[in-house]
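>>> Return a 3D structure for these sequence lines:
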Amino acid sequence: MLTLRQIEVVRAVMVTGTIAGAARLLNVSAPGISRLMKYTETSLGFRLFDRRAGRLVPSEQARHVFAQINAVFDKIEDLRFVLERTQGGAGQDLLIGSVPSISHVMVPRAIERVRAAYPHLVIDINILKLEEAIDYLLLGKGEVVAMSYRLDHPALTFEPLARGGLFCIVPLDHPLAARSSISAEEIVRHPLIGIDPNDPYGRIMSDIFRERGLSYGITIRARFGSTVCSLVRAGLGIAVIDQFTIAYDAVPGIRVLPIEEAPVFETWIAMKAGTALSMFAAGFVRVLREEMARPGQVRP
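Residues are numbered from 1 along each chain as shown. Below is the predicted model:
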């Protein structure tokens, strides 16, 4: 029997017509090719090549052997092609979801790296609220969802994603824009823009004030953090927002103030319990976690 390595070497000699040419083609030493050819012919019991005019040509005895070697090599090349396309994501889908606070800046940064690793991968991104994320996973519409809230559900598994902070954002021409930081007690003295406190994401913001016995009165309610930022930029009030929504100066025209109580904003990866992630989904989670852990995202 011939090994795949022997088949590769024999075909290289057949294509190039010389031992030296086969060595160059395979990027190995010529003596190594010569030794393997001698061993192969000894094992088979007949010559594979005859020397004519300084070149090696297939012997008449080996004519049918070479026909089969070519067929085997073609199948190997087909296998390599399929493997390379699969490794590059061809014919594969990555189905992921994210809450708005993570999808605005962090998901695109992670997807940029996923695309570089898997140039042929088809990527489908869904922006979901909490109640939508549950059905998205349970119905098998996607593999993972990046979330800002963890809930107890027997059919879902949650893993920590990243920890960030909450910040106060004000218009550039607001009197508070000159401040280097602000307290929760000072924030509630101004017209506030935010997410409904009954919403899980909005509840994270309101907890800063509830835990300190402060009234959190929102004058303008919005559904998404990006809308809150736009309303602040328009000069309609101030707001509390998570760092991932405003990372890397994603929202120009606002001033970012650290909150003196340093509230924490935790995020999670949710997936259907008992399921293994594809290599593409696992890779996405890994690079998303790395991107969200990078320092220097917010510049007050």
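>>> distance of Gly164 from Ile204?
As defined by CB to CB, to the nearest Å, Gly164 lies at a distance of 11 Å from Ile204. Just so you know, the C-beta spots here come from the backbone N, C-alpha and C atoms, and that holds for glycine as well.
>>> Need the overlap of contacts for these two.
Applying CB atoms under 8 Å, 6 or more residues apart in numbering, one finds that Gly164 and Ile204 are jointly contacted by Asp242, Phe265.
>>> So for these two, which sits in the more crowded spot?
Neighbours per residue (other CB atoms under 10 Å) separate Gly164 from Ile204, with Gly164 holding more: 24 against 21.
>>> Sheet partners, orientation included, of the strand or helix carrying that one?
Secondary structure from DSSP states H and E places Gly164 in strand 156-171. With DSSP bridges as the test, strand 156-171 is paired with strand 239-242 (antiparallel), strand 254-258 (antiparallel), strand 264-272 (antiparallel).
>>> Adding mean pLDDT, write these out as JSON lines.
Output for those, formatted as JSON lines (pLDDT from 0 to 100):
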{"stretch": "strand 239-242", "mean pLDDT": "97"}
{"stretch": "strand 254-258", "mean pLDDT": "96"}
{"stretch": "strand 264-272", "mean pLDDT": "96"}
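>>> so can I have CSV of those showing mean neighbour count and distance to Glu211?
Formatted as CSV, these follow (neighbours: other CB atoms under 10 Å; distance: least, CB to CB, whole Å):
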stretch, mean neighbour count, distance to Glu211
strand 239-242, 26, 13
strand 254-258, 19, 18
strand 264-272, 19, 12
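>>> possible to save those strands as TSV with distance to Ile96?
Converted to TSV, the strands paired with strand 156-171 look like this (distance: least, CB to CB, whole Å):
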stretch	distance to Ile96
strand 239-242	19
strand 254-258	28
strand 264-272	10
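>>> right, and the ones you listed - which one's nearest Ile182?
When the strands paired with strand 156-171 are compared by CB to CB, strand 254-258 sits nearest Ile182, at 4.7 Å.
>>> now could you export just the CA positions of that closest one as CSV?
Below are the C-alpha coordinates for strand 254-258, written out as CSV (Å, rounded to 0.1, in the frame of the first residue of the first chain):
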residue,chain,number,x,y,z
ILE,A,254,-21.8,64.9,24.8
ARG,A,255,-19.7,65.2,28.0
VAL,A,256,-19.1,62.0,30.0
LEU,A,257,-18.9,62.3,33.7
PRO,A,258,-17.8,59.5,36.1
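>>> what pLDDT does Asp199 get?
We have a pLDDT of 90 for Asp199.
>>> So what does it have for phi and psi?
Dihedral angles of Asp199 (phi, psi; degrees, to the nearest 10) stand at phi -80, psi 140.
>>> Spit out the contact partners of it.
By CB under 8 Å, 6+ apart, the residues touching Asp199 are Lys129, Leu130, Arg223.
>>> how about the spatially closest residue to the first one that is not a sequence neighbour, phi and psi?
Same thing as Lys129. Sequence neighbours aside, Val99 is the residue nearest to Lys129 in space, at 7.0 Å (criterion: CB to CB, 6 or more residues apart in numbering). Dihedral angles of Val99 (phi, psi; degrees, to the nearest 10) stand at phi -70, psi 160.
>>> any idea how far Val99 is from Ile125?
Distance from Val99 to Ile125, by CB to CB: 12 Å.
>>> more crowded one of the two?
Val99 (27 against 16).
>>> Arg150 is in contact with that one, correct?
No. Val99 is beyond contact range of Arg150, at 11.8 Å (criterion: CB atoms under 8 Å).
>>> Give me the number of neighbouring residues for Ala155.
10.
>>> And for stretch 218-226, what's in contact with it?
With CB under 8 Å, 6+ apart, stretch 218-226 has contacts from 100-101, 104, 129, 191-197, 199, 201, 228, 231, 236-237, 241-242, 245, 251.
>>> Buried ones among these?
For these, a burial check counting by 16 or more other CB atoms under 10 Å picks out 100-101, 104, 192-195, 197, 199, 201, 228, 231, 237, 241-242, 245, 251.
>>> Keep only those of the residues you listed that are in helices.
Mapping the buried ones among the contacts of stretch 218-226 onto helices (DSSP state H) picks out Pro100, Ser101, Tyr201, Val228, Leu231.
>>> Which of those residues sits closest to Glu159?
Nearest member of these to Glu159, counting by CB to CB, is Ser101, at 17.5 Å.
>>> Contact partners for that closest one?
The contact partners of Ser101, taken as CB under 8 Å, 6+ apart, are Ser148, Tyr201, Gly225, Asp242, Phe244, Thr245.
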